[in-house]
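Enquirer: fold the following.
(2 chains)
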Amino acid sequence: MTVPLALMGLLDREPSYGYDLKRDYDTYFGRGKPLPFGQVYSTLGRLARDGKVTAGQSEPGDGPDRKRYTITPLGKQEVKVWLAEPVAAEPFLQTVLFTKVVLALMLGHDAERYLVTQRATHMRRMRELSEIKRGGALVDALLADHALFHLDADLRWIDLTTARLGALAETVRRA
Amino acid sequence: MTVDALPVPGPLLEARSIDRSYGRTQALREASLSVTAGEILAIMGPSGSGKSTLLHCLAGIFTPDAGEVWFDGRRLDTLSDARRSELRRTSLGFVFQFGQLVPELTVADNVALPLLLGKVRRKQAYQRADGWLKRLELDDLGERRTGELSGGQAQRVAIARALVARPKVIFADEPTGALDSLTGEKVMELLVGLAREEGTTVIVVTHDARVAACADREVMVRDGKVTDPYADEAVR
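Expert: Numbering: from 1, shown residues only, chains lettered A, B, ... in the order given. All right, here's what the predicted structure looks like:
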């Protein structure tokens, strides 16, 4: 789900070739799990089919011929909306949150505003879970606690990242 | 019911662009906040962000250097020290991180204290204190000195003391900060549950998101400024 949007986000920065896109994705978002070449090209193919990117003519290079991909206005709009909207508050979201923050900083979007919105979404879900605990059986309470502790971990990351946005922006833009 | 008896619409407690400094350190910068009657509000923020200073200004313990604080239709920050003290005794309750009970007194004495200071007759004050001790399942501890209590018991006594005078607002500053997770959760359940039963407004300062999740909404304080994530209705 995140891969097509992350690739479009990277293309929103500047047009790029499939090989360079894979390299940038692995650098920022791969975290020890590199994106297979096959997935890069199949994703770009689907995005081109849906009118979100365009592929240029094949260009000869040192290796095999390669195409330069460019994001379309439709793709740009989708990235903009995605970067601003909070993710549903579920445990184990760190990768998506991280991707959104890095891309927002890279593209000059309001990352702090996104984090405030995401924080509110998390807190709203935590209130719902607290309510479930108050009215529910012990088993429900224990399940709710499990989710609460994981969302709490996300919130600590959100707070820490908010405090470090300036430094993170410099790192991302310099790279 | 006469028109005069109708509740006043609008916030019960409001800070309007307040500033507060300690020497050269500015703790609050144009901080604004509005709390409605019966609401349970959490104030969150990093250490040193100004959240406790905001709570102290809202409670009339500190006066802001600039801006206004309004409580129940009255301007709080321009009242004399004596009037603010009286207001705190009659209309506000407090729960702090370490209870701040009087160690020389018994549990019952501590709970009755706000009433005795408010000139309620001794017999009546202790009857009301006993009633609250029963509600908090502390009635068998009434004669104990507070130094003999566990952390959780001490916070339950602090809650009883905060509620005994039927205040309009309870201010709680990190009320579970010194407790383990389970005890802290029970203390928050009691505080929020009793406040809802009584219709009392609660303002709780906490850095713990799970404590804040017991509130109706939360605001963030960062570098002395208040951010309300729900100010934009699209977010709510």
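Enquirer: every contact and neighbour count from this point should use C-alpha atoms.
Expert: Fine.
Enquirer: now the residue nearest to B:M44 when sequence neighbours are not counted: which helix or strand?
Expert: Using Cα to Cα, 6 or more residues apart in numbering or on different chains and skipping residues adjacent in sequence, the residue nearest B:M44 is B:M220, 4.8 Å away. If you go by DSSP states H and E, B:M220 is part of strand B:217-222.
Enquirer: B:V187 now?
Expert: When elements are assigned from DSSP H and E, B:V187 belongs to helix B:181-198.
Enquirer: and the next helix or strand past that helix?
Expert: strand B:201-205.
Enquirer: wait, does that following strand contact chain A?
Expert: No: judged by Cα under 8 Å from any Cα of the partner chain, strand B:201-205 and chain A are separated, with a smallest distance of 14.9 Å.
Enquirer: which strands and helices sit next to that strand?
Expert: strand B:40-44, helix B:51-58, strand B:169-173, helix B:181-198 (3 or more Cα pairs under 8 Å, 6 or more residues apart in numbering or on different chains; DSSP states H and E).
Enquirer: so after it, what's the next helix or strand?
Expert: Next along from strand B:201-205, by DSSP H and E: helix B:209-212.
Enquirer: counting neighbours, what do you get for the residue of chain A found nearest chain B?
Expert: Chain B sits closest to A:R127 of chain A, with a gap of 4.5 Å, by Cα to the nearest Cα. By other Cα atoms under 10 Å in any protein chain shown, 21 other residues sit near A:R127.
Enquirer: ditto for the one 3 residues further on
Expert: The local packing count at A:S130 equals 23, with neighbours defined by other Cα under 10 Å.
Enquirer: ok, B:A231 next?
Expert: Neighbours of B:A231 (other Cα under 10 Å): 10.
Enquirer: please apply the same query to A:P34.
Expert: Neighbours of A:P34 using other Cα under 10 Å come to 13.
Enquirer: re the thing from before, output the contacting helices and strands for the helix holding B:V187.
Expert: When contacts are defined as 3+ Cα pairs under 8 Å, 6+ apart, helix B:181-198 packs onto helix B:151-163, strand B:201-205.
Enquirer: in this structure B:A165 contacts B:L87, no?
Expert: No: applying Cα atoms under 8 Å, one finds B:A165 not in contact with B:L87, separated by 11.6 Å.
Enquirer: shared neighbours of those two, anything?
Expert: Taking Cα atoms under 8 Å, 6 or more residues apart in numbering or on different chains as the contact criterion, no residue touches both B:A165 and B:L87.
Enquirer: between the two, point out the one with more neighbours.
Expert: Set B:A165 next to B:L87 and count neighbours by other Cα under 10 Å: B:A165 wins out with 23 against 17.
Enquirer: so how far is stretch B:131-141 from its chain's centroid?
Expert: 21 Å (Cα atoms, centre = their mean, to the nearest Å).
Enquirer: just the C-alphas of it, formatted as PDB.
Expert: Provided in PDB are the C-alpha atoms of stretch B:131-141 (Å, rounded to 0.1, in the frame of the first residue of the first chain):
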ATOM      1  CA  GLY B 131     -19.000   9.800  53.500                       C
ATOM      2  CA  TRP B 132     -16.300  10.400  51.000                       C
ATOM      3  CA  LEU B 133     -13.900   7.900  52.700                       C
ATOM      4  CA  LYS B 134     -16.700   5.300  52.400                       C
ATOM      5  CA  ARG B 135     -17.200   6.100  48.600                       C
ATOM      6  CA  LEU B 136     -13.500   5.600  48.100                       C
ATOM      7  CA  GLU B 137     -13.400   2.400  50.200                       C
ATOM      8  CA  LEU B 138     -11.000   4.100  52.700                       C
ATOM      9  CA  ASP B 139     -13.300   4.100  55.800                       C
ATOM     10  CA  ASP B 140     -11.200   1.600  57.700                       C
ATOM     11  CA  LEU B 141      -8.200   3.900  57.300                       C
END
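Enquirer: if I look at the spatially closest residue to B:A213 that is not a sequence neighbour, how far off is A:D152?
Expert: Take B:A213 and drop its neighbours on the chain: the residue closest to it by Cα to Cα, 6+ apart is A:R127, 4.5 Å away. Distance, A:R127 to A:D152, by Cα to Cα, to the nearest Å: 12 Å.
Enquirer: now A:E131: closest residue in space that isn't a chain neighbour?
Expert: B:C214 (7.9 Å).
Enquirer: tell me if the one you found really is in a strand.
Expert: No: under DSSP: H, G, I helix; E, B strand; the rest coil, B:C214 sits outside any strand and is assigned coil.
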